[in-house]
Structures are given as C-alpha cells and as structure tokens.
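Have a look at this prediction, sequence included:
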Amino acid sequence: MAKTHARFVCQSCGAATTRWSGRCDGCGGWNTVVEEAPRESAPGGLATASRKRGRSIEYASMDGPAEGAPRRVCGIAEFDRVCGGGLVPGSAILIGGDPGIGKSTLLLQVVAALAGSGTGAPACLYISGEEAVEQLRLRARRLDLSQSPVLLAAATAVRDIAASLDAAETPGIVVIDSIQTMFVDSLDSAPGTVSQVRASAQELIHLAKRRGFTVLLVGHVTKDGQIAGPKVLEHMVDAVLSFEGERGHQFRILRATKNRYGPTDEIGVFEMTDRGLMEVPNPSALFLAERRGNVSGSAVFAGLEGTRPLLVEVQALVSPSSLATPRRAVIGWDAGRLAMVLAVLEARCGLALAGREVYLNVAGGLRVSEPAADLAVAAALVSAASDQPVPAEMVVFGEIGLSGEVRAVSQPEVRLKEAAKLGFTRALVPPRRTRPGEKAKEKREGGDLEIQEIAHLQDLVARFAAEGPRRSSQEPERRTVGGG
C-alpha cells in the first residue's frame, strides 16, 4: 500500500503545497496554510475503479421539453426576488454574511413561511451545527414562529445527515447552518478546513440534486467580507447570496452575486426589528427619508441594482488639510473610482483638490458599484468644493471618462421613472446614446421631469462657478485670534 503524505492547503484560496510556509504563494495571505491529510484513493487509481463500476451515461437533445417542479415561493417578496422568483427544486444556494448580520434569522423566517404556506407545503428541515435545538426554539419564539411546522436538528456529521435524509420522506427545503461546521469522517482534517468544506458541500449538493430538494448553505465570511474557503465552493452551488449591512444601520441588503436560475446583482432590502427582518417594498423612499435639502455636498443618484431602480443620497465633504498627504475616506463606493473622478476634475476641469481632504459617503449603508454613479459623485464633490448645493429636486446619473466626457448608461428611462415617482422634477443626465446614422430624438422620455443633458464635466463645474460660493447657515464664522 502506497504511503500517504500530508499536504499543506491555504484556507483562503485552496492552493496546496508539500511544505508549510507562513505566506501563501497563491493569494498572498499570511498564516492561512494548514496541514491536511489527503483522502486515500481507491486501489488501482480512479481510472481503473471507474472502468469496473462505470456505466455509459444518457444524452438528451436541447429541444426537448423542460420538465420539472415549479418554483417554491415562500411569500417573502424580497427573498423571492433575489432568488429569481422562488426556490428551484434540486438547487443549492450559498448564503454568506458577517457574524450577527441576520443570516439565521432570515433563513428561519423563510423556512417557516414555506412550511406554513398551506396545503401541499414542502417539508422544511433546519439543521444547525452551531446551536442546540433549544437555542433555535428560543429564536423561533422571539420571532413568533414557534407554531410553524419546521423540523429542527443539531448535527455536524454529513454521513448522519445524509442517512436521515435518505431514510425519511423527501423534504422540500433543507437549511445547513453552517457549512464550515460540517465534516466528513473519511477525512482526517478538522471541520472548517478547505478539504472538509469542499467534501461536505459536495456530498450535500449531490444528495439534493438526486432527491430533488433545495439545500440552503450558510457560509462564514472573512474579514474582507468574502465567503470563507476556496472559490470552488461558490462554483459548486447554483446561487450565491450575500447578506450585507452596517452595524449602525437597521437596513439589511440581500444581494445575488451568482444565480443560475435568475438575474445577478439583484437585491432585496430588509429592516432589522425586534420582531425579525421586515421587508422594505420601497427602499428608495427609505434611503432618502432623512435627506435634507439646500445643503452643499449632497446629490441624489438614480441607480439600478439588478432590475430594481434605487435612489440614494451621495454625500461629499471637502475640507482644508494640514497633512502632506490629504486623507481620502470612502464609505459605500470604490476608492479607486473616487481617485479617478478627483484626477479628472483636477486635470480636465482645473478644480484644485490635491491639497484638500475628501470624504465620501453613500447614505443608508448601501454599497454602490455601478459606474453610473460617477456623475453624482462629481456633482457632490463640486458642490462641496464650491459651497453651492445641488438642487433638492434633481437626480443625477452618468459615467465619466478619463477625458472628462459624460457617457450614457443603461436603462435611463427606468431610472427617470423611479425619480418621477418619488417627486423629483429635474434630472442631470448624459446625452442620449445614438447609433451611427440615427438622428437623436428632440425630447427624451422622462415623464414630468425636466431633462438636462450634460456632455462634459467642465459644464458641471461651470454651473456651480457661475453662482459663486455661499456661506452655509450652519457654518460657524471664522475669526482670527491675535494680530492679523
């Protein structure tokens, strides 16, 4: 029998080496390499074993009927939206988020809604590897879900879980909380390692597709907000949902970063209360609820998250700095994108910001990633630098190029329609995109909004420069102490 040698595997990227090192050569992470014992292979190698037990597979044409059970709708509209209209039988969904953000609370509400949906409701199982059954019951009582017909269990051995699922009636929904606590007894490594996470997920996903139930896997995240473990875990599942939120805000955002059965980058907005997570059907009104008008450094961005239009407030503050390298602080947006916008404003528009501190914040705890927010960020920065407020009834969106041009973005009519619904009357947008040989239409579709097109960033700076600086009503009067 061949001697098996231990290997060292990085717990962040999954790279394997034959010796330990303090820094992973694959991802550059420090102290992430852990020794793991490899799984013993079958005698004769995998190819020999497959020839002995293997059988030919069946192929089907693409034009055949698409048979399958309908999606399971839980009734929580925000969750169903992110999943693409409901849960697909036989699918595997990975849900990640910071500790205490509300992953277990959300999934307990989802399975309770599915189990109590009436006649023909699927059997729902909640298997926890971190909490005892009594602890789950305490959470259910707090959420007023103790009467829901959800079956609870506390287990960590994948072999025992698979045996119980095979022996019992086929369930509809199975929640595994969390995948990092599960282990396969054929491996010598500890639970939570790359080998255990990969093997446990593979067994559970294979069982779900064979029996036709939906499995929801809860995954831990790293300090950077990424799901812990190698990227192969995200490739194995059908959908990856990220549960985001700031500790200081009551808003929680469920974002789909991968979905084989629906659109990606779709979001669902929830509000954390003492009764659990509540849906937010109109998140734009909620994000703008505390907005104050006639304040410099504030602009409303008409964004698009998946198929949902969303209006958020972008806040900027520009102040003098006594440091050799002024600070650049960003919350809710890409720091590299902010550096690009600042460079374009200085190089193409002559706005001196190199020696001043810049702070940027997306109010409400939402993280914006689309380039369409460039123009709103630039408007907030120019407004803060010139001390001139952006009109309170105006929304802004558009992408900025390195030469200072303002480029068109996708689905402008959807953004304008959402702005008009919330009472905005003006919009600062890029010029309409026209195809070669096509004449631009004289009037854009914006409902009751007054559309103002801007082609270059210099036009934006000229708008604020024409009005001149003003003193804010909240700015204290500066006095000189001593001589001078």
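Okay, I see it. Numbering: from 1, shown residues only.

domains of the chain?
Per the record, the chain has its domains at 1-40, 77-281, 286-432+444-467, by automatic domain parsing.

Columns distance to Ile57, mean neighbour count and mean pLDDT on top of the ones you listed, output as CSV?
(Each C-beta comes from the backbone N, C-alpha and C, glycine too.) Formatted as CSV, the domains of the chain follow (distance: least, Cβ to Cβ, whole Å; neighbours: other Cβ atoms under 10 Å; pLDDT from 0 to 100):
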stretch, distance to Ile57, mean neighbour count, mean pLDDT
domain 1-40, 24, 14, 77
domain 77-281, 15, 18, 89
domain 286-432+444-467, 36, 18, 91
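
Just tell me which of the ones you listed ends up closest to Arg55.
Across the domains of the chain, Arg55 has its closest neighbour in domain 77-281 (15.9 Å, Cβ to Cβ).

quick one: Leu143 and Val111 touch, right?
No. Applying Cβ atoms under 8 Å as the test, Leu143 and Val111 come out as separate, 11.6 Å apart.

Give me the contacts around stretch 312-322.
284, 287-288, 291, 297-301, 303, 327, 333, 353, 355-364, 366, 368, 373, 376-377, 379-381, 383-385 (Cβ atoms under 8 Å, 6 or more residues apart in numbering).

Now that stretch - C-alpha only, PDB.
As requested, C-alpha coordinates have been extracted for stretch 312-322 and formatted as PDB (Å, rounded to 0.1, in the frame of the first residue of the first chain):
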ATOM      1  CA  VAL A 312     -29.700  57.000  -2.800                       C
ATOM      2  CA  GLU A 313     -28.000  60.100  -1.500                       C
ATOM      3  CA  VAL A 314     -24.300  60.600  -2.100                       C
ATOM      4  CA  GLN A 315     -22.600  62.900   0.400                       C
ATOM      5  CA  ALA A 316     -19.200  64.600   0.000                       C
ATOM      6  CA  LEU A 317     -17.100  66.800   2.200                       C
ATOM      7  CA  VAL A 318     -14.100  68.700   1.100                       C
ATOM      8  CA  SER A 319     -12.000  70.400   3.700                       C
ATOM      9  CA  PRO A 320      -8.500  72.000   4.000                       C
ATOM     10  CA  SER A 321      -5.700  69.800   5.200                       C
ATOM     11  CA  SER A 322      -2.500  70.400   7.100                       C
END
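
Can you classify Ala256 as helix, strand or coil?
In the three-state summary, Ala256 is assigned as strand, counting by DSSP: H, G, I helix; E, B strand; the rest coil.

Any figure for the gap between it and Val237?
Distance, Ala256 to Val237, using Cβ to Cβ, to the nearest Å: 12 Å.

Quick check: nearest residue in space to Ala199, chain neighbours excluded?
Distance criterion Cβ to Cβ, 6 or more residues apart in numbering; nearest residue to Ala199, sequence neighbours excluded, is Val184 at 4.5 Å.

Return the distance of that neighbour relative to Asp160.
With distances defined as Cβ to Cβ, the gap from Val184 to Asp160 amounts to 11 Å.

How about Phe397?
Noted for Phe397: a distance of 53 Å to Asp160, by Cβ to Cβ.

the strands in the stretch 251-400 of the chain, which residues?
Per DSSP state E, counting those that start in this stretch, the stretch 251-400 of the chain carries strands over the ranges 251-259, 267-273, 276-279, 298-305, 308-320, 328-331, 356-362, 394-396, 399-400.

can you give me the helices for the stretch 351-484 of the chain?
With DSSP state H, counting those that start in this stretch as the definition, the stretch 351-484 of the chain shows helices at residue ranges 374-386, 412-421, 457-467.

Could you do the stretch 51-200 of the chain as well?
Across the stretch 51-200 of the chain, reading from the start of the chain, the helices by DSSP H, counting those that start in this stretch fall at 77-82, 103-115, 133-142, 158-167, 194-211.

Does anything pack onto the shortest one? Which helices or strands?
Put plainly, it is helix 77-82. Applying 3 or more Cβ pairs under 8 Å, 6 or more residues apart in numbering; DSSP states H and E, one finds that helix 77-82 makes contact with strand 251-259, strand 267-273.

Recalculate using a threshold of 10 Å.
Counting contacts by 3 or more Cβ pairs under 10 Å, 6 or more residues apart in numbering; DSSP states H and E, helix 77-82 is packed against helix 103-115, strand 239-244, strand 251-259, strand 267-273, strand 276-279.

Turn those into a markdown table, including distance to Cys349.
Putting the helices and strands packed on helix 77-82 into a markdown table (distance: least, Cβ to Cβ, whole Å) gives the following:
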| stretch | distance to Cys349 |
| --- | --- |
| helix 103-115 | 45 |
| strand 239-244 | 34 |
| strand 251-259 | 34 |
| strand 267-273 | 33 |
| strand 276-279 | 43 |
